[in-house]
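S.K.: I'd like to go over a predicted model; first the sequence, then the structure.
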Amino acid sequence: MSISCWLGKHDWVWEDATNACEMIGTCRQCKRQTAERRPLGHRWSEWQPHASGDCLAERVCKHCGTRESGGILHSWNPWSYEEDHSCGQIRTCERCGVAEHHITHCWGDYAYKAETTCDYEKQCLRCGAVSSYVNHIWHESQSQVRRYDEGDHSVTEYTSTLTCTRCGHSELKVEESTGMSNSDFQAYGGGTSNWNR
Ligand SMILES: [Zn+2]
Ligand SMILES: [Zn+2]
Ligand SMILES: [Zn+2]
Ligand SMILES: [Zn+2]
Ligand SMILES: [Zn+2]
């Protein structure tokens, strides 16, 4: 035994010596072993269904055989329609028999409902369900209005008019407003005494 071992300063070598994916330290000099174990990390397999026939998933450490379970892993059959002329679909798990439902429509193309309206709709080719929204074809025209505010500032307002070329519906919006600010105006040598009332 070396002096340093006497002094409690062992020369530890950490090795996977437990077959439990943990490391244990052995002193190179005196062969003493640590009480402490350091985790080495398991080497997990892929998640796979339990052998028991339910759909609980488990994984196994390839090194030490530790098992861990978690989550559900169904083996789904393909989706199929439940009835003619309806869009409800069902699928079942091959292993545990659990069922899941959802709705899948077979939508046709969108088309306008009538010449002069903007209702745009599509219909399901199986069950006849309808989905629609309003689809205007906008034409935009802009106009400028120049006016003066109470402080004699020049202000330009841009007004956009959106008009639908199909149904004639129109919407108006004031887009922006520009002009010289108070301080800009005074910097130009203007301004009146009653500015900051
Ligand atoms: Zn030692
Ligand atoms: Zn392990
Ligand atoms: Zn299942
Ligand atoms: Zn449908
Ligand atoms: Zn329209």
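M.R.: Nice, thanks for sending it over. Ligands and ions are numbered 1, 2, ... in the order given.

S.K.: ok, residue 20 touching residue 42?
M.R.: No. In this structure, residue 20 is not within contact of residue 42 by C-beta atoms under 8 Å, at 9.4 Å. For glycine as for every other residue, the C-beta is placed from the backbone atoms N, C-alpha and C.

S.K.: residues shared between the contacts of the two?
M.R.: Taking C-beta atoms under 8 Å, 6 or more residues apart in numbering as the criterion, residue 20 and residue 42 both touch 64, 66.

S.K.: tell me which residues are up against stretch 59-76.
M.R.: The contact list for stretch 59-76 (C-beta under 8 Å, 6+ apart) reads 19-21, 42-50, 55-58, 91-96, 98, 100.

S.K.: so is stretch 35-46 next to ligand 2?
M.R.: Yes. Using C-beta under 5 Å from the ion, stretch 35-46 reaches ligand 2 at residue 42.

S.K.: domain parsing for the chain?
M.R.: 3-39, 105-135, 138-187 (automatic domain parsing).

S.K.: can you point out the buried residues in the shortest one?
M.R.: By that I understand domain 105-135. Neighbour counts using 16 or more other C-beta atoms under 10 Å place 105, 118, 122, 123, 124, 127 of domain 105-135 among the buried residues.

S.K.: ok, now the first one?
M.R.: Using 16+ other C-beta under 10 Å as the burial criterion, the residues of domain 3-39 that qualify are 5, 10, 12, 20, 21, 22, 23, 24, 25, 26, 27, 29.

S.K.: ok, is it in contact with ligand 1 or not?
M.R.: Yes. Applying C-beta under 5 Å from the ion, one finds domain 3-39 touching ligand 1 at 5, 10, 27, 29, 30.

S.K.: pick out the shakiest of the domains of the chain, pLDDT-wise.
M.R.: Mean pLDDT per stretch puts domain 138-187 lowest among these, at a mean of 75.

S.K.: chain center to that domain, what's the gap?
M.R.: Its chain's C-alpha centre and that of domain 138-187 lie 39 Å apart, by C-alpha atoms, centre = their mean, to the nearest Å.

S.K.: how about stretch 6-17?
M.R.: Distance of stretch 6-17 from its chain centroid, counting by C-alpha atoms, centre = their mean, is 50 Å.

S.K.: just the helices in the chain please.
M.R.: Taking DSSP state H, the helices of the chain run over residues 3-6, 182-187.

S.K.: ok, which residues in the protein are in contact with ligand 5?
M.R.: Residues of the chain lying near ligand 5 (C-beta under 5 Å from the ion): 118, 136, 164, 166, 167, 169.

S.K.: what number of residues lie near the fifth one?
M.R.: Per other C-beta atoms under 10 Å, the neighbour tally for residue 167 reads 17.

S.K.: the residue lying closest to residue 36 once chain neighbours are set aside pairs with what?
M.R.: Nearest in space to residue 36, with sequence neighbours left out and distances taken as C-beta to C-beta, 6 or more residues apart in numbering, is residue 25 at 7.0 Å. According to DSSP bridges, the residues that bridge with residue 25 are residue 14.

S.K.: thanks a lot, see you next time.
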